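1. What follows is a predicted structure for the sequence shown.
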Amino acid sequence: MMKKLVMIGNGMAGVRTIEEILKQAPEQFDITIFGQEPHPNYNRIKLSNILQGDTNFDEIIINPLDWYKENNIQLFSGEAVVKIDVDRKRVISDQGREVEYDELIIATGSNSFILPIPGADKIGVTGFRDIQDCEMMIKSAEEYKKAVVIGGGLLGLEAARGLLNLGMSVDVVHLMPHLMERQLDPIASSLLRSELEAQGMNFLMEKETVEILGDERVTGLRFKDGSEAEADLVVMSIGIKSNTTVAKNSGIYVNRGIVVNDFMETSVPHVYAVGECAEHREIVYGLVAPLYEQGKVLANRICGMDGEPYEGSVTGTQLKVAGVDLYSAGEIFEDESTKSIMIYNEYEGIYKRVLTRNNMIVGIVLYGDTKDSTRLFRMLTKKEDISGGSIFQTECTGSGTSDSIAAMPDDELVCGCNGVTKGAIVEAIQTQGLTTLDQVSHCTNAGRSCGRCKPMVSSILAHTLGDQFDATAAQKVSICGCTTISREELVAEIKEKGLTSVKEVMNVLEWNNEEGCTKCRPAINYYLGMILMDEYKDDRDSRLVNEKIHANIQKDGTYSVVPRMYGGVTTAADLKKIAEVAERYHVPLVKLTGGQGIGLFGVKKEDLPSMWEDLDMPSGYAYGKTLRTVKTCVGAQFCRYGTQDSMALGIELEKKFERLDTPHKVKMGVSACPRNCSEAGIKDIGFVGIDGGWEIYVAGNGGVDLRPGDLLCTVKTQVEVMEMTGAYLQYYRETANYLERTSKWVERMGLDHVKEVLADEETRKALNERMDQTLKKYIEPWNEAIQSEEIQDKYYTKHTVAVGSESK
Ligand SMILES: Cc1cc2nc3c(=O)[nH]c(=O)nc-3n(C[C@H](O)[C@H](O)[C@H](O)COP(=O)(O)OP(=O)(O)OC[C@H]3O[C@@H](n4cnc5c(N)ncnc54)[C@H](O)[C@@H]3O)c2cc1C
Ligand SMILES: NC(=O)c1ccc[n+]([C@@H]2O[C@H](COP(=O)([O-])OP(=O)(O)OC[C@H]3O[C@@H](n4cnc5c(N)ncnc54)[C@H](O)[C@@H]3O)[C@@H](O)[C@H]2O)c1
Ligand code: SF4
Ligand code: FES
């Protein structure tokens, strides 16, 4: 019996802990995660980069929704836990959901500290903590000109840089005489201030804000000394406050954070805390490195391993602002017991100071040149005796050169965020045969957080591989951790070596895990089917679990049954049959689906074949990576605006392409006029009737990655629609990565490129020929199950376990 593990908070520290647990004991827990934000786990560190315009939200997602599915994690996103019933071992959410736990992790992070002053609730006043804050600032910058950032710490200065990039003029209000006074001494701080002033920031130092001015929206600030500053936007970045409300209200001991021992255990048995919400030995950490260390210790504890305790961390910080190179770690302030070693080159703006006690480094401040940082940090953490040696590197080899990497000891920390040393990276490259940065990151975690260490990781990769290093190939993405080869290489190898089965692919191409995993097996099965067309014998056991069972598994382990209704059109006879079956099998929920189908929910697996037999309708494939549905409007047959027969086209499309294996699900919509009642503009392929023809839209998406479709072309006849659709779908099948939606695929390939390929008649013809040959192989799966006792015994008895992963 799997133990129930529930986690409150879907952020960086919590999800990393779950990753560690899955590494150690993938089958031990039935995992549920509640996340207040309506997103999968993303890299909060990179919000600064989003604000500064260097990246977008998609690129900072650490664990996409597919990751949760693949690991059978039930994620309730956009849902906050409001109470923990520690006696009944249950959590209760703001939507009234109650979930039982055997073990509970609280990973609720922190909130921005907002000054409790009059006007702090005005429109235009925000913290900087999540993507919503970031979006609000970006939107404000479109309309307004003047921003004030309160707080000249790490967060405030990164926010200020972002707002400058967005075209706002920025004042930074700081309480103390020096910026980043917790990390920098006065000299480094004044060098930083000069650089930031040169970049365009205006500093209002030693100012205490007492009021935010304005009516509904902020117009300015008033300070304690009576002076004022104008503001259309105010960002408060004056520190963070652990998010402890739920724990506190549930009787768990809370001080500044949720108090934990060296194994991250709270005052209540079976309840743990990790991350910024946790207080360990009176310290609440606000950087990921210590939080990830906590996560490892907690994972060991929860999995029942004998692990080391967490004994606290020394942290190092850097500011993510272009043009600023600074590093700080350990103690900043001198006392009678410390001595400083210092270099100050005012001319070049380079300042280095190491604070020592008893011949050991206890603090580091570097400005203008931080290449000594990893070495000095190692000396600090290892408590190395520094007497007799030169502290600062004098030779001219820049960091990352082959010589400097050769000279770097194995225990030097390369990735501060994830605690990864040079030795660990080299070992992973050598033992796992890694050749790309992506693989090294995947294997060791190096580079997965702030990303600052990536150039160094690349240099270590190049140094370790020597002549074998291929800089272009180093950027490639491998299929999964079982192999180093990419999708392109896999497809080429299958063709070149004439491989015909999943097992053969894994053997011949020397997979490092002979069984493969839930990521690569469905992908290989897909690519084989795409290449070998009707000659390929499908490997059902390599499919995602829903495709294996031909029904959608639900959260309670039951299934849903959605019969095909071509073009969303049904008959009274079919409706009667569905109603009778629903009654006969006591189906708890009958619901219209988003794709104009009818779903019967809550069906037991062992009832599926007989239910399908009674229904006597084809599978609607509501679970497959295939054509789902073709949503149609009523069109010219009945609607007075209709210029085309949308239902007839929808039915023809659905009948032709149903069951086709595609890299990801494909949805279509057909509207008979531009009023577009079938919402064809947000479908993978949408058809809109116009006078004398059809417009074909592609790459629309109505889901998480909302995207309007792009016009591919306009055609005159239904025959041309079918021809263009066949060619488009086949080109997608042949060039997309497995589990890549058409919207992402078109963005990657470029719409113009796709248009150009499909404009060529010969190419379209060849694509359609391969499509037609592929379509020959499909048979109706529900009927096949009804006819075959072997299939029923293997997949549909009470005791068969649905193994594998799923992605929506
Ligand atoms: C702009 C910015 C830049 C940063 N840059 C760096 C950097 O360069 N280096 C560095 O090391 N660190 C940096 N940090 C800090 C780092 O992001 C945090 O230390 C880290 O995210 C903390 O992880 P966590 O899991 O404890 O909290 P979070 O990542 O905040 O996750 C907590 C999650 O729990 C959710 N939650 C809270 N209460 C509930 C509830 N009751 N029910 C359900 N869900 C709940 C929250 O909505 C949140 O999504 C930065 C932070 C910010 C904001
Ligand atoms: N590059 C990085 O590592 C990075 C970047 C951003 C955020 N973070 C983390 O995010 C968290 C929040 O960062 P932060 O900068 O808000 O916190 P912080 O506590 O590091 O800095 C807050 C700053 O605001 C100042 N301040 C306090 N009250 C003030 C007031 N009334 N008016 C003006 N100034 C005032 C303080 O003197 C301090 O310098 C921290 O844990 C930080 O480590 C890290
Ligand atoms: S899209 Fe046009 S033709 Fe179709 S139902 Fe709507 S209004 Fe009528
Ligand atoms: S140092 Fe931040 S990801 Fe490596």
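-> Received it, and whenever you're ready, just let me know what you need. Ligands and ions are numbered 1, 2, ... in the order given.

2. SS state for the nearest residue to His463 once chain neighbours are set aside?
-> If the residues on either side of it in the chain are set aside, His463 comes closest to Ile405, at 4.4 Å by Cβ to Cβ, 6 or more residues apart in numbering. Where you see a C-beta, it was placed from the backbone N, CA and C, and this is true even at glycine. What DSSP: H, G, I helix; E, B strand; the rest coil gives for Ile405 is helix.

3. wouldn't Ile405 be in contact with Leu465 here?
-> No: applying Cβ atoms under 8 Å as the test, Ile405 and Leu465 come out as separate, 11.9 Å apart.

4. can you give me the strands in the stretch 501-650 of the chain?
-> 552-553, 559-561, 589-592, 598-603, 627-632 (DSSP state E, counting those that start in this stretch).

5. for ligand 1, what are the nearby residues on this protein?
-> Within the chain, the positions adjacent to ligand 1 are 8-14, 34-37, 44-45, 47-48, 80-81, 107-109, 128-129, 155, 243, 246, 275-276, 286-289, 291, 320, 417, 450 by Cβ under 6 Å from any ligand atom.

6. how about the residue nearest to His463, what does it touch?
-> 422, 459-460, 463 (Cβ atoms under 8 Å, 6 or more residues apart in numbering).

7. Can you flag which of the residues you listed belong to helices?
-> 422, 459-460, 463 (DSSP state H).

8. Contacts only, for the one residue in the stretch 451-600 of the chain that gets nearest to ligand 4.
-> Nearest residue of the stretch 451-600 of the chain to ligand 4 (Cβ to the nearest ligand atom) works out as Cys453 at 3.4 Å. Neighbour list for Cys453: 414-417, 420, 446-447 [criterion: Cβ under 8 Å, 6+ apart].

9. tell me how far stretch 720-736 is from the chain's mean position?
-> 29 Å (Cα atoms, centre = their mean, to the nearest Å).

10. what does that stretch rub up against?
-> Contacts made with stretch 720-736 from outside it, assessed by Cβ under 8 Å, 6+ apart, are listed as 530, 649, 652-653, 656-657, 660-664, 666, 685, 687, 694, 696, 698, 712-713, 715, 742, 745, 749, 754, 757-758, 763-764, 767-768, 770-772, 774.

11. please redo it, this time with the cut-off set to 6 Å
-> 530, 662-663, 694, 696, 715, 742, 745, 758, 764, 767-768, 770-771 (Cβ atoms under 6 Å, 6 or more residues apart in numbering).

12. Out of the ones in helices among the contacts of Ile405, who's the most crowded?
-> Counting neighbours by other Cβ atoms under 10 Å, the top entry in the ones in helices among the contacts of Ile405 is Lys422, with 24 neighbours.

13. Tell me the spacing between Lys655 and Lys4.
-> 45 Å (Cβ to Cβ, to the nearest Å).

14. Show me which of the two is the more surrounded one.
-> Lys4 (16 against 13).

15. still on that earlier bit, inside strands: which ones of the residues of the chain next to ligand 1?
-> Among these, the residues falling in strands (DSSP state E) are 8, 34-35, 81.

16. Nearest to ligand 4 among these?
-> Gly35 (22.2 Å).

17. That closest one touches Ile8, doesn't it?
-> No: using Cβ atoms under 6 Å, Gly35 is not in contact with Ile8, being 8.6 Å away.

18. between these two, which one's more packed in?
-> Each of Gly35 and Ile8 has its neighbours counted (other Cβ under 10 Å); Ile8 has more, 28 against 24.

19. my read: that one touches Leu104, true?
-> No: taking contacts as Cβ under 6 Å, Ile8 lies outside contact range of Leu104: 7.3 Å.

20. any idea how far Asn513 is from Thr483?
-> Taken as Cβ to Cβ, the span from Asn513 to Thr483 is 9 Å.

21. Same drill for these two, tell me which one is more crowded.
-> Neighbours per residue, other Cβ under 10 Å: of Asn513 and Thr483, the larger number sits with Thr483, 23 against 12.
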